[in-house]
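Enquirer: 3D model of this:
(one chain, ligands or ions: 1)
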Amino acid sequence: MEAGCDGGLCLSQKLSQVSLRSRPHLDQILCSFAEDDLDEICSQDFFCTPDFLTPVERQFSLDLEGNKENVSSIPPPIQCSPVRSKRPRPDSAMPPQPQIMLIKDNPLEDSQDIASSESEPQSKTQPLAEHLPPNSRARIASMRRRVLSPPCVKNPFKRENYEHCHTEGKLPPKQAQFLPALGANCESRYREEFHEIEEIGRGNFSSVFKVLKRIDGCLYAVKRSHRQLRQDSERRQALTEVQALAALGLHEHVVRYHTAWFENDQLYIQMELCEGILSNKKPASMGTQEKFLLEALRQVVEALAFIHSRGLAHLDVKPANIYFSGSKLKLGDFGRATRLDGSISVEEGDARYMPLELINDDYRHLPKADVFALGATIFELARDLPLPSSGSQFQAIRQGRLPLLPGFSLPFQNLLKALMHPNPEARPSPQDLLKCALLRNLGNVVASK
Ligand SMILES: Nc1ncnc2c1ncn2[C@@H]1O[C@H](COP(=O)(O)OP(=O)(O)OP(=O)(O)O)[C@@H](O)[C@H]1O
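Expert: Numbers count the residues shown, from 1 in each chain. Sure, this is the predicted structure:
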């Protein structure tokens, strides 16, 4: 890298500036590079790993305490020709709209509703490129091609349609595929962006890792699918969780989603890191188990009220999918989420927490299936015994015959009976539950681990 020094700034210094400043000015920065620099940039796979070309020492030498010592060593911004501002705009009020590609092979989607952004119009680079030698122009054009936006998939959990994104007549609809898997020819995004600390959980489909994100120094959970997902249909199925979380948005009792990507045909999901699962959490002090479980019930009921209000059902509520972070519980694992309007097929969850109507393929009361699963979850934690997944006790529970819970009050046991009522219509809704006296005015008894 240092071999590229040209008497002024050496290439590594210029590249450091690129990663420290915003990428929208890429063209301006590129035009300041000498021919030799461009050769070197091309050979560095620059656009695949822009943030990581900045040497680590430099990243950390940036002054976080207000000490100017290190900052002053960074050269001033490179001056560029102002010709870019004279570029005619298609519409002075509106930025250029992305173009659209249709993805036709998704059974969930209505072809009108699918959007995708495409490359920026070629003309955007024209005025600046004219000031460069032909060879450099070709190189910049080829580098720009490498940062094209990938096609977008429609999120089946979103109500909004995507019609406003269409730009008729600019691009013929294409059969868009998912991006070629990163990791085959490029560096690993996972390894480049995160430092893996440890595996913190393992389910049937994925492993979850505690990671440190290199660029922001914060801890996250990254969930990686066990299997390589080579078919588009498998990838779409795996994306259910990502799409449901993204469509839901933020809620204090829903695990926070950050981003997701495919790499080496595996799906990676970056999420908020929680401390553990509900089964491993204990009440703040002895003798408060009932209060602790009522508080847990209340927090998850709030999550369910939110999810249902967004037109979704979770369909996999169970102790292993309720995490805690400090005194807050968070519902996670949206891999079986579906829409209440029946537009997405229902994937069966864990039989131990499933009501009879779902086992019998009756999907008319999906919110109440979540209520049953939550009742079963709290019942299991109160009894401190795993629920059966078949057999006579499994049947008895679904007929409303719950074993007694010694040490728990009658109102508490009756509440669980109501949540697990055989008739879904007789079960209270999350809104009803939030009004229930038992769940109101609870002190916070959910302690840290
Ligand atoms: N955000 C998180 N923070 C902390 N731990 C987590 C997080 N997400 C998942 N885990 C841990 O990883 C385990 C497995 O995660 P998860 O249940 O999402 O995987 P899965 O393969 O989809 O599971 P399943 O077999 O239930 O479908 C969880 O039970 C939990 O212990």
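Enquirer: Next one: residue 297 from residue 206, what distance?
Expert: Separation of residue 297 from residue 206 (C-beta to C-beta, to the nearest Å): 27 Å. (Glycine included, C-beta is placed from N, CA and C.)
Enquirer: Who has more neighbours out of the two?
Expert: Each of residue 297 and residue 206 has its neighbours counted (other C-beta atoms under 10 Å); residue 297 has more, 25 against 22.
Enquirer: Name the helix or strand for that one, please.
Expert: Using DSSP states H and E, the element containing residue 297 is helix 289-309.
Enquirer: Next secondary structure after that helix?
Expert: Criterion used, DSSP H and E; the element after helix 289-309 is strand 312-313.
Enquirer: Excluding its own residues, what touches the helix or strand that that following strand is followed by? List them.
Expert: Downstream of strand 312-313, the first helix or strand assigned by DSSP H and E is strand 322-325. Outside strand 322-325, the residues that touch it by C-beta atoms under 8 Å, 6 or more residues apart in numbering are 255, 272-278, 281, 296, 300, 329-332, 377, 446, 449.
Enquirer: close to the ligand, is strand 322-325?
Expert: Yes - contact check for strand 322-325 against the ligand, using C-beta under 6 Å from any ligand atom: residues in range are residue 323.
Enquirer: Using PDB, write out the CA atom coordinates for that strand.
Expert: In PDB, the C-alpha atoms belonging to strand 322-325 read as follows (Å, rounded to 0.1, in the frame of the first residue of the first chain):
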ATOM      1  CA  ILE A 322     -38.600 -15.300  25.600                       C
ATOM      2  CA  TYR A 323     -35.300 -13.600  26.400                       C
ATOM      3  CA  PHE A 324     -34.500 -11.100  29.100                       C
ATOM      4  CA  SER A 325     -32.400  -8.100  29.200                       C
END
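Enquirer: need the residues of this structure near the ligand, please.
Expert: 200-206, 208, 221, 223, 255, 271-274, 277, 320-321, 323, 332-333, 335.
Enquirer: shaky segments in the protein?
Expert: With pLDDT under 70 as the threshold, the chain has low-confidence stretches at 1-152, 159-186, 283-287, 441, 443-449.
Enquirer: Kindly recompute the last result at 80.
Expert: For the chain, the stretches with pLDDT under 80 are 1-155, 158-187, 281-287, 441-449.
Enquirer: just the strands in it please.
Expert: With DSSP state E as the criterion, the chain has strands at 194-202, 206-213, 219-225, 257-263, 266-271, 276-277, 312-313, 322-325, 328-331, 338-339.
Enquirer: Save these as TSV, and put in distance to residue 401 too.
Expert: Formatted as TSV, these follow (distance: least, C-beta to C-beta, whole Å):
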stretch	distance to residue 401
strand 194-202	34
strand 206-213	36
strand 219-225	38
strand 257-263	39
strand 266-271	38
strand 276-277	28
strand 312-313	26
strand 322-325	25
strand 328-331	28
strand 338-339	29
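Enquirer: Need the winner for burial among the ones you listed.
Expert: strand 312-313 (a mean of 24; mean count of other C-beta atoms under 10 Å).
Enquirer: In the stretch 51-200 of the chain, what residue comes closest to the ligand?
Expert: residue 200 (5.0 Å; C-beta to the nearest ligand atom).
Enquirer: Name the nearest residue to residue 310, ignoring sequence neighbours.
Expert: Once flanking residues are discounted, residue 310 sits nearest to residue 248: 5.6 Å by C-beta to C-beta, 6 or more residues apart in numbering.
Enquirer: Wait, that neighbour touches residue 308, no?
Expert: No - under the criterion of C-beta atoms under 8 Å, residue 248 is not in contact with residue 308, lying 10.8 Å apart.
Enquirer: Which residues are in contact with residue 372?
Expert: Residue 372 neighbours (C-beta under 8 Å, 6+ apart): 353-355, 419-421, 424, 427.
Enquirer: ranges for the helices of the stretch 301-449 of the chain?
Expert: Assigned by DSSP state H, counting those that start in this stretch, the helices in the stretch 301-449 of the chain fall at 356-359, 366-383, 392-398, 410-419, 430-435.
Enquirer: Point out the most buried one among those.
Expert: helix 366-383 (a mean of 24).
Enquirer: Report the spatially closest residue to residue 298, excluding sequence-adjacent ones.
Expert: Here the residue nearest residue 298, using C-beta to C-beta, 6+ apart, is residue 439, at 4.5 Å.
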